[in-house]
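Trainee: What follows is a predicted protein model with its sequence.
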Amino acid sequence: MNHIISIRDLSRTEIDQLIDEASRIDSSVSFDQSLKGKILALLFFEPSTRTRMSFEAAMARLGGTSIGLDSVEASSMAKGETLADTIRVVSGYADTIVLRHPKEGAARLASEFASVPVINAGDGAGQHPSQTLLDLYTIRQSMPLEGISVGLLGDLRYGRTAHSLAYALSLYGATLHTISPKGLELPTSIADELREKGTEIVEHRDVSEIIGTLDVLYVTRIQRERFPDSASYFKVASSYRVTPDLLTGVRERLIVLHPLPRLDEIDPGVDQLPYARYFEQSRNGIPVRMAMLRKVMG
Amino acid sequence: MKRDAREGLLISPIRNGTVIDHITGGEALNVLKIIGITGATTESISVATNVKSGKMGRKDIVKIENRELLKEEVNRIALIAPNASINIIRNFEVFEKKGVEIPSILTGVVRCPNPGCISNTNEPIDSKFEVLTKGLHCLYCDWIITKDITSHLI
């Protein structure tokens, strides 16, 4: 079965193939209807706007239809049904299941019980492979992925997108510069694993020390709920803010990415600069998810 | 069984069953836990802990009457007692002697310490860990247990 659960399950070749396919789709004038007659089940047990909508849009572009839960409260889960049973039942309704769930490993469990492919759309603090693929795709639109210098800024402890991206970039020989508030550093287990694979990881406290040498600055949200009070949040958040001033004198090819939604991490003044790619990044969710849907159902 | 000059045999021989020898000192009760032997089971069990051992300094020994442990049961023991040796006894004789091998996947032996892991819910699954040199890797949530594995035994 052709599941997509974690970026770790994909080889560099498979990642390249998905990105190539997304690129082909992106440059097509019209989309084929290769998934006409197919049904996609969207099981979202946590709120999501862009991931859910972009999977629906991707399926529609390929001629297929989507069915899904509107809320957990209205589902059998609220009556105490296990996820395993829900997955077995929905496998009979659809050709692929896209799952978002608050528990880590939920998509792996789903893949064990499903009789159709499962795509992980985020499991708690765990994996979110379609986000990583669209991050890589967005970078590759601007530069080759090999050997680049990438700054990861923000909450690197709980930010799952940063973990998955760091892992994927390690396959391409990137140098990673981590910049995070005290207590929100990249977990040692992840850093050690990447270093064992030969990835160079350099820690910094201040993004201005390193910004001039970066090819990519990947910004993640600093979550307010991680701080004891608003004052300590604002103190930290303001020192990790990307502003037009910060981007003075950077490399010409620098791109600034963010998985969105952003709060205060990126000054709106950056939106007008040529470095800002986060809205394109978000839009890239469509061709990347189309490529994923084709891979599992094609 | 080695004799102690004054105390005689520490634990008596068994007619049929399994003797697990060379268990790391102090781990005998964890070994019983791993192979599912609790106060509610019917087997006759003899346990000797911190017995003097030429090779190991101190070791534990467990004897289980009328039960021959299966290979997969035996291999779970390797996690906490990598030097253990297993003797299958039939009619007071050693019928088969084997060492333990650490399995590549451990199913239903260790609980994932990550409270957010799906394996800690009411789903109909057993915990599943890949055995790595640096520890145990949860195949559901990717958590890695690097130390104090016995405190996570189910």
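Mentor: In hand now; what should we look at? Quick caveat: nothing in here was measured; it's all calculated off a predicted structure.
Trainee: How many neighbouring residues does the residue nearest to residue B:99 when sequence neighbours are not counted have?
Mentor: Of all residues not flanking residue B:99 in the chain, residue B:85 sits nearest, at 5.8 Å (CB to CB, 6 or more residues apart in numbering or on different chains). C-beta coordinates here come from the backbone N, C-alpha and C atoms, glycine included. Per other CB atoms under 10 Å in any protein chain shown, the neighbour tally for residue B:85 reads 15.
Trainee: Give the bridge partners for residue B:85, please.
Mentor: Beta-bridge partners for residue B:85, by DSSP bridges, are residue B:21, residue B:99.
Trainee: And the pLDDT at it?
Mentor: We have a pLDDT of 92 for residue B:85.
Trainee: Could you do residue B:134 as well?
Mentor: For residue B:134, the model assigns a pLDDT of 84.
Trainee: Which residue is the nearest non-sequential neighbour of residue B:29?
Mentor: residue B:47 (7.4 Å).
Trainee: need the contact list for the residue nearest to residue B:99.
Mentor: B:20, B:21, B:22, B:97, B:98, B:99, B:100 (CB atoms under 8 Å, 6 or more residues apart in numbering or on different chains).
Trainee: circling back: now the residue nearest to residue B:29, what are its backbone angles?
Mentor: Main-chain torsions, residue B:47, degrees, to the nearest 10: phi -130, psi 130.
Trainee: what does residue A:276 give?
Mentor: The phi/psi pair for residue A:276 (degrees, to the nearest 10) is phi -70, psi 120.
Trainee: was I right about it contacting residue A:257?
Mentor: No: with contact defined as CB atoms under 8 Å, residue A:276 does not reach residue A:257; the gap is 9.0 Å.
Trainee: out of these two, which sits in the busier spot?
Mentor: Neighbour comparison, residue A:276 and residue A:257: the larger count goes to residue A:257, with 26 against 20 (by other CB under 10 Å).
Trainee: Just to check, the more buried one is in contact with residue A:282?
Mentor: No: contact between residue A:257 and residue A:282 fails when scored by CB under 8 Å: they sit 9.8 Å apart.
Trainee: From what I see, residue A:255 and residue A:214 are in contact.
Mentor: No: Residue A:255 is beyond contact range of residue A:214, at 9.3 Å (criterion: CB under 8 Å).
Trainee: Skipping its backbone neighbours, what lies nearest residue 78 in space?
Mentor: Reading this off chain A. Nearest to residue A:78 is residue A:72, by CB to CB, 6+ apart, at 6.1 Å.
Trainee: looking at chain B here, not the other one
Mentor: Leaving aside its chain neighbours, residue B:78 sits nearest to residue B:100 (3.9 Å; criterion: CB to CB, 6+ apart).
Trainee: Pull the number of nearby residues for that neighbour.
Mentor: Neighbours around residue B:100, by other CB under 10 Å: 21.
Trainee: who's in contact with it?
Mentor: Contacts here follow CB under 8 Å, 6+ apart; on that basis residue B:100 touches B:74, B:75, B:77, B:78, B:81, B:82, B:84, B:85, B:86.
Trainee: ok, and what's touching stretch B:32-48?
Mentor: For stretch B:32-48, the surrounding residues in contact (CB under 8 Å, 6+ apart) are B:10-12, B:14, B:17, B:28-29, B:60-67, B:69, B:73, B:76-77, B:79-80, B:109, B:153.
Trainee: in the lowest-mean-pLDDT helix or strand in chain A, what's buried?
Mentor: Least confident element among the helices and strands of chain A, by mean pLDDT, DSSP states H and E: helix A:230-239 (a mean of 80). Neighbour-count burial for helix A:230-239 flags A:233, A:236, A:237 (criterion: 16 or more other CB atoms under 10 Å in any protein chain shown).
Trainee: do stretch A:209-220 as well
Mentor: Buried residues in stretch A:209-220, counted by 16+ other CB under 10 Å: A:210, A:211, A:214, A:215, A:216, A:217, A:218, A:219, A:220.
Trainee: What ranges in chain B fall below the confidence cut-off?
Mentor: Residue ranges of chain B with pLDDT under 70: B:1-10.
Trainee: interface residues of it facing chain A?
Mentor: B:114, B:116-119, B:121-125, B:138-144 (CB under 8 Å from any CB of the partner chain).
Trainee: I'd guessed residue A:269 sits against residue A:247; true?
Mentor: No: Residue A:269 is beyond contact range of residue A:247, at 9.6 Å (criterion: CB under 8 Å).
Trainee: what about those two, which has more around it?
Mentor: residue A:247 (20 against 13).
Trainee: tell me the contacts of residue A:197?
Mentor: So residue A:197 contacts residue A:170 (CB under 8 Å, 6+ apart).
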